[in-house]
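> Here is a sequence together with a model predicted from it:
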Amino acid sequence: MIGYVTLGTNDLKRAAAFYDAIAKEMGVGRFMESDTFIAWGAPGGAAGIGLTKPFDGKPASVGNGVMAALAAKDKAQVDRIYKLAMSMGATDEGPPGARSENFYAAYFRDPDGNKLNAFVMG
């Protein structure tokens, strides 16, 4: 249902390094790029994620209650994504672990404060 998710950044270069590392772990790369926008994912694949400097020229800010969820292939990949995110300047919002019988996830914020999770069902 979701085509892609776009998050704001005030430092595209720093944010790009963070998302390049996460995307590499997930087996995808950049597929769109300009001076103010970068998108990661696979053309024709599942939903991707984009980073942009806000169009209105105002500073990017974090949406309260907004989160982008990254579908991992297994629990080990959830753990790796979380560890990688932490090493790239993310802040912890909940370490990897079972959240219910069929949901394993880790929560973190990117260097701009955008909330993400890596998860696997089952």
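Here it is on my side, so go on.
> burial of the residue lying closest to Ala47 once chain neighbours are set aside, as a residue count?
Closest residue to Ala47 apart from its sequence neighbours, by C-beta to C-beta, 6 or more residues apart in numbering: Ile2 at 4.5 Å. No exception for glycine: its C-beta is placed from N, CA and C like everyone else's. Ile2 has 9 neighbouring residues, counting by other C-beta atoms under 10 Å.
> Any buried residues in the longest strand along the chain, and which?
The longest strand of the chain (DSSP state E) is strand 91-100. Across strand 91-100, burial judged by 16 or more other C-beta atoms under 10 Å covers Pro96.
> and the residue nearest to Ala47, how far is that from Pro95?
Distance of Ile2 to Pro95, computed by C-beta to C-beta, to the nearest Å: 26 Å.
> So, low pLDDT: which residues of this protein?
For the chain, the stretches with pLDDT under 70 are 1.
> ok, which stretches of it are strands?
Under DSSP E, the chain gives strands at 4-8, 29-33, 37-41, 48-52, 67-71, 91-100, 103-109, 115-121.
> Would you mind giving the ones you listed as CSV with distance to Ala15 added?
Converted to CSV, the strands of the chain look like this (distance: least, C-beta to C-beta, whole Å):
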stretch, distance to Ala15
strand 4-8, 8
strand 29-33, 12
strand 37-41, 8
strand 48-52, 5
strand 67-71, 13
strand 91-100, 14
strand 103-109, 12
strand 115-121, 12
